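K.L.:
Sequence and predicted model, in that order:
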Amino acid sequence: MQMIAALAEAVADEFGRTAAGGMGEHGGMAASGAGELGVAISGRDADTSASVREHRAVVRGISEQPWVRTAFVDVLGPSPSEVLRDLTDAEGESVPAVVVPAFLASGYHVYQDVPREVAESGHPEVAVTSAMGPDPALARIMAMRLRTAGWRPGDAVVFAAAGSSDARARQDVRRAAGMLAEHLGVPVRIGYVATGAPRVPEVVAELRESGAERVFIASYLLAHGLFQQRLHEAGADGVAEPIGVHPAVVRLITDRYRAAARELTRARTSPVEVSGS
């Protein structure tokens, strides 16, 4: 909970900074300030309610400086549909919203839960962006975290993801690992923490057996919690911190919002063609 709240606060601060600096792109598009909103959607960690899982999303009302609020799929509340239903102006009319799924891979939550929540909200004008990951910006953060943990060129790297039974999410993990490998200029092996194979400890052991002198784990998780703790028990020489609330993450989310907001604006202002009788 603490991490997603901090992320939402950082995103709100970024919108406030750009609005104050005259860099906003969407001022005046919401019906009123009361209708501007942001939402972060998340599950929770496998066995601790205090830890947020790495699956999240953010919803925003269209504005130069939208409000930022949090919502959660899976376990915690409020749900995205509840938050979207509250997105109204002073007259009680719905105002446009953008949903930015802050998930590191697009699996069941992104393809099923988020669209279902949007539909159940009954909100008439919602855009859903692509998920937060994979993205080169996340690979750059992971590389920085690795170096801070002591990784040096020549050390083996395990790309540690939570895992998913959804093939689309696993494909996203492979793409994310490829981005990190390209950024580091070294091969990267994938290991999973909770779902899927091979598991992180197995990959660490295999790398040692193949002659790697030092093995480091790159954490493809957003927050500290049970999964991050398990990485420290996998037998590596070092474990990078999770991605966390980094300025590049904040920019990634705000960029997703702005791109979708532009599309919504174009759709709202495009002339409607009326066919002749």
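P.N.:
Looks like it arrived, so ask away. Numbers count the residues shown, from 1 in each chain.
K.L.:
list the contacts for residue 208?
P.N.:
If you count contacts by Cβ atoms under 8 Å, 6 or more residues apart in numbering, residue 208 has them with 215, 235. All C-beta atoms are positioned from the backbone trio N, CA, C, and that covers glycine.
K.L.:
element containing it, please.
P.N.:
For residue 208, the element it lies in under DSSP states H and E is helix 200-209.
K.L.:
In that helix, which residues are buried?
P.N.:
200, 201, 203, 204, 206, 207, 208 (16 or more other Cβ atoms under 10 Å).
K.L.:
sec struct for residue 160, please.
P.N.:
strand (DSSP: H, G, I helix; E, B strand; the rest coil).
K.L.:
so it makes contact with residue 229?
P.N.:
No - counting by Cβ atoms under 8 Å, residue 160 does not reach residue 229; the two are 11.9 Å apart.
K.L.:
Who has more neighbours out of the two?
P.N.:
residue 160 (32 against 14; other Cβ atoms under 10 Å).
K.L.:
In the sheet, which residues pair with that one? Tell me.
P.N.:
Beta-bridge partners for residue 160, by DSSP bridges, are residue 191, residue 219.
K.L.:
Local confidence estimate at residue 10?
P.N.:
On the pLDDT scale, residue 10 is placed at 78.
K.L.:
Residue 72 too?
P.N.:
On the pLDDT scale, residue 72 gets 79.
K.L.:
tell me the phi and psi of it?
P.N.:
phi -140, psi 140 (degrees, to the nearest 10).
K.L.:
ok, it touching residue 78?
P.N.:
Yes - Residue 72 lies in contact with residue 78 (Cβ under 8 Å); the separation is 7.3 Å.
K.L.:
Common neighbours of these two, please.
P.N.:
By Cβ under 8 Å, 6+ apart, no residue touches both residue 72 and residue 78.
K.L.:
who's more crowded, those two?
P.N.:
For residue 72 versus residue 78, the count of surrounding residues by other Cβ under 10 Å is larger for residue 72: 25 against 16.
K.L.:
Help me confirm that residue 139 is found in a strand?
P.N.:
No - with three-state DSSP as the criterion, residue 139 is located in helix rather than a strand.
K.L.:
Mind checking what secondary structure the closest residue in space to it that isn't next to it in sequence has?
P.N.:
Nearest-residue entry for residue 139: residue 179, 3.9 Å, with adjacent residues in sequence omitted and distances by Cβ to Cβ, 6 or more residues apart in numbering. Classification of residue 179 by three-state DSSP places it in helix.
K.L.:
Can you give me the neighbour number for residue 179?
P.N.:
Residue 179: 22 neighbours (other Cβ under 10 Å).
K.L.:
Now do the contacts for it.
P.N.:
With Cβ under 8 Å, 6+ apart, residue 179 has these contacts: 134, 135, 136, 138, 139.
K.L.:
Most neighbours of all those, which one?
P.N.:
Of the contacts of residue 179, with other Cβ under 10 Å as the count, residue 139 tops at 25 neighbours.
K.L.:
can I assume it is in contact with residue 185?
P.N.:
No - using Cβ under 8 Å, residue 139 is not in contact with residue 185, being 11.9 Å away.
K.L.:
and of the buried residues of helix 200-209, the nearest to residue 238?
P.N.:
residue 204 (11.1 Å; Cβ to Cβ).
K.L.:
Need the contacts of residue 179 in a markdown table (columns: distance to residue 115 and pLDDT).
P.N.:
Below are these laid out as a markdown table (distance: Cβ to Cβ, whole Å; pLDDT from 0 to 100):
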| residue | distance to residue 115 | pLDDT |
| --- | --- | --- |
| 134 | 20 | 97 |
| 135 | 21 | 97 |
| 136 | 26 | 97 |
| 138 | 23 | 98 |
| 139 | 27 | 98 |
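K.L.:
mind putting those in CSV, distance to residue 122 included?
P.N.:
As requested, the contacts of residue 179 are exported to CSV (distance: Cβ to Cβ, whole Å):
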residue, distance to residue 122
134, 32
135, 31
136, 37
138, 33
139, 38
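K.L.:
residues contacting the closest residue to residue 182 other than its chain neighbours?
P.N.:
With sequence-adjacent residues excluded and distances taken as Cβ to Cβ, 6+ apart, residue 182 is closest to residue 139, at 7.5 Å. Applying Cβ under 8 Å, 6+ apart to residue 139 gives the contacts 176, 179, 180, 182, 183.
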